[in-house]
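1. Next one to model:
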Amino acid sequence: MSAYKVEICGVNTSQLPILKEEEKAELFKQIKAGDKAARERYIKGNLRLVLSVIKRFSNHNENVDDLFQIGCIGLMKSIDNFNPDMQVKFSTYAVPMIIGEVRRYLRDNSSYRIPRSLRDTAYKAIHSREILSRTSLHEPTLDEISADCGISKEDIVYALDAIQTPLSLFDPIYTEGGDTLYVMDQISDKKSKEENWVLDLSISDALERLNERDEQIIKLRYFEGKTQIEVADEIHISQAQVSRLEKNALKSMYKYLYSEDL
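-> So this is what the prediction gives:
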């Protein structure tokens, strides 16, 4: 992407209006009543959302004007489908929609071409899901989506998998009040599970019961990944001595960790 510009698609980004919450609420009432001028003003008042999204796609080498236009399409779809009665901030709803629109554009224009039939199947399934989400009080199941669009579950799963693009852990999911939730925030970390935390604590305690040299050998071998030869060179003893001391230290730790008396 080219360097970030003050003017994008003829829009001076430094002069974009910022709408207050009460203004947004009033404008939405007018939009629902069919006021096109209010809709235009609401779009301009939320173009900063589009700008914040397209900045995150700077590594795709796409023209910033093109991405801005695509992002605006996502913004307009968000306005047309947003329900203020759901007690959700518009930005929370709109950002994922804008991201999705940009991703679809990048996917459809990538060098890796997905068969048109697969894209059509995926888009039909996505459309059915969006319709069902708005008309029901729960997240639609795969069975419900399949029945609605008349496509087998297997074909839907295959098509949706085919159109997926790799996610970065730093891709935003939504933004609210200036705080952004990223993909990495939604991924569980097995290392943080209680049983692993307790095990780490036990290993640390077992290490402290070794003498200074044995503790150093274990840390160099299993925490820093060094070979016995490298450890021998570092602490100035033979490899045979390292091997013997390492085995004895591991036996001592094992006895401490798994002794039935503890």
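
2. what's the helix or strand for S133?
-> Secondary structure assigned from DSSP states H and E places S133 in helix 116-135.

3. Send over that helix as CSV, restricted to the C-alpha atoms.
-> Extracted C-alpha coordinates of helix 116-135, given in CSV (Å, rounded to 0.1, in the frame of the first residue of the first chain):
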residue,chain,number,x,y,z
ARG,A,116,-16.4,-19.5,-9.0
SER,A,117,-18.8,-22.3,-8.0
LEU,A,118,-17.1,-22.6,-4.6
ARG,A,119,-17.3,-18.8,-4.1
ASP,A,120,-21.0,-18.8,-5.0
THR,A,121,-21.7,-21.7,-2.6
ALA,A,122,-19.9,-20.0,0.2
TYR,A,123,-21.6,-16.6,-0.4
LYS,A,124,-25.0,-18.2,-0.5
ALA,A,125,-24.3,-19.9,2.8
ILE,A,126,-23.0,-16.6,4.3
HIS,A,127,-26.1,-14.8,3.1
SER,A,128,-28.4,-17.4,4.6
ARG,A,129,-26.5,-17.2,7.9
GLU,A,130,-26.9,-13.4,7.9
ILE,A,131,-30.6,-13.6,7.2
LEU,A,132,-31.2,-16.3,9.8
SER,A,133,-29.1,-14.3,12.4
ARG,A,134,-31.4,-11.3,12.0
THR,A,135,-34.7,-13.3,12.1
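
4. Would you check how far apart the closest residue in space to I151 that isn't next to it in sequence and S152 are?
-> Nearest residue to I151, sequence neighbours excluded (C-beta to C-beta, 6 or more residues apart in numbering): T121, at 5.9 Å. To be clear about C-beta, it is placed using only N, CA and C from the backbone, and glycine gets the same treatment. When distance is defined by C-beta to C-beta, to the nearest Å, T121 is 10 Å away from S152.
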